[in-house]
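J.: could you work out the structure for the sequence below:
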Amino acid sequence: MKSDFTYDLLIIGGGISASVFASKYLKNNLTKKVALIEIGRGLGGRSSTRISKRFKGWKLNHGSPNLNITNNNNNLLLKSYIDELIDNKFIKIDDSDVFFLNEYSNLEIKKKSEFSCGVNYLSLDTMSELSKKIIESNNLKGKIDFFFETLIVDMKFNNEEWLLTSKNGDKFKSKYLICSTNLLLHKRSLKILNVNQIPLRKAIPINNDKKIDLLLNFLEEQTFIPRLTFLIYTNENYSYKDYYSKKQRYFYLKNNLEKKYRFERIIFQLQDNNKLGIVIHSKNIELINSYISAKDEEVFKQKIITNFNKLFEENPVVNKLTFDEKVSIMKWRASQPSGIAVPLSLQFSRKYRIGFCGDWFEGDGFGRIEGSILSALILEKKLKT
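T.: Below you'll find the model as predicted:
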């Protein structure tokens, strides 16, 4: 049944950027009616947690496992917000072991990579719960409505009002619109939504707003890194060779080793039931294509376990897997923006009452959670001025 909804402000996307923006906006606009629209089953975006229906009792962070904050410019806005998350006991400093595997699969302990630069923070709960807690901290009066598993396919701006249409025909009206995802602004939307024109370009024709034109031009050049994520639900007796008891443990593969085994990073995650989950990330195009063309997914999964066992064959802390471990696979079409970042000066169009936030904006946090958080904080301040 199709429905019509009216709000003061709509947010598209349910990642950590949307959660931070929504929380700050709700705190300063108690009388406003807000809705968040997300294509997935819950909050988190690429900082999501897989709560398996098939394998009960497992919660695996299968996107970003933690937050790494460089804050190279000593940004007081970002620092204050991270302190706020710590004070609320939403996050803590991540003191997990971080290992780098060199070309001989030997361990090297370092602290610098694109995933471990600056200070690492760990959610005290799952990553999806972190996004949820961020919103709930300022949603005390239940002013925000959530629409999950909802895909927006059309956007219009008429009479100073936004009108969005979902795939199932629901209509959403609002005075202001926030896009924390750039799917509806990027050329990849043409194939995913099966449309002939980028939705935002259809809503705002060229030459009507210089900021929007420039933003779409930057996004035209922006690319995204696809990834496969393998979630391994180990058997009850699987454990480390040593007695490591912290929540997570990280292994990053150096370039030559990544090319050989096709894994980018491997994260061990201790569960509440003391079982040990393993999340393997890969951005190897050959492996992704091999998965797409695989006729037998089970045979493909066995190859992943074989590669894992070869990688850790002589490792002093990691045991091999057996071939009866349960494995599920997640394919990310656009796991991380790459290339040209969008200038923060293009974040908000007052003429069209539309704002943008996410890790696709310029700065030290480009492509990472830091960028998602900072852009959301900056955007919320721009709406107040």
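
J.: now do the residue nearest to residue 193 when sequence neighbours are not counted: how many residues are near it, please.
T.: Excluding the flanking residues, the one nearest residue 193 by Cβ to Cβ, 6 or more residues apart in numbering is residue 153, at 5.3 Å. The C-beta positions use only the backbone N, C-alpha and C, and glycine is treated the same way. Residue 153: 17 surrounding residues under other Cβ atoms under 10 Å.

J.: residue contacts, residue 153?
T.: 165, 166, 167, 193, 195, 199 (Cβ atoms under 8 Å, 6 or more residues apart in numbering).

J.: now with 10 Å, please.
T.: Neighbour list for residue 153: 164-169, 184, 189, 192-195, 199 [criterion: Cβ atoms under 10 Å, 6 or more residues apart in numbering].

J.: which one of those is nearest residue 327?
T.: residue 192 (26.3 Å; Cβ to Cβ).

J.: and the longest strand for the protein?
T.: With DSSP state E setting the assignment, residue counts place strand 326-338 as the longest strand in the chain.

J.: what packs against the helix or strand just after that strand?
T.: Heading C-terminal from strand 326-338, the first helix or strand you meet, by DSSP states H and E, is strand 348-349. The helices and strands touching strand 348-349, judged by 3 or more Cβ pairs under 10 Å, 6 or more residues apart in numbering; DSSP states H and E, are strand 171-179, helix 210-221, strand 354-356, helix 369-384.

J.: which stretch among those comes nearest residue 304?
T.: Among the helices and strands packed on strand 348-349, the nearest to residue 304 by Cβ to Cβ is helix 369-384 (26.5 Å).

J.: what's the spacing between that closest one and its chain's center?
T.: When distances are taken as Cα atoms, centre = their mean, to the nearest Å, helix 369-384 is centred 16 Å away from the chain's centroid.

J.: so for it, what's the average pLDDT?
T.: Mean pLDDT, helix 369-384: 95.

J.: got the angle for it vs strand 326-338?
T.: Inter-element angle recorded for helix 369-384 and strand 326-338: 50 degrees (by axes from the mean of the first three to the mean of the last three Cα atoms, to 10 degrees).

J.: which of the residues in helix 369-384 are buried?
T.: Using 16 or more other Cβ atoms under 10 Å as the test for burial, helix 369-384 gives 369-380, 383.

J.: taking strand 171-179 as reference, get the angle to that helix.
T.: 110 degrees.

J.: adjust the sequence numbering to begin at 36 for everything that follows.
T.: I'll keep to 36 as the first residue from here, and by that count the last item is helix 404-419.

J.: with that, I have no additional questions.
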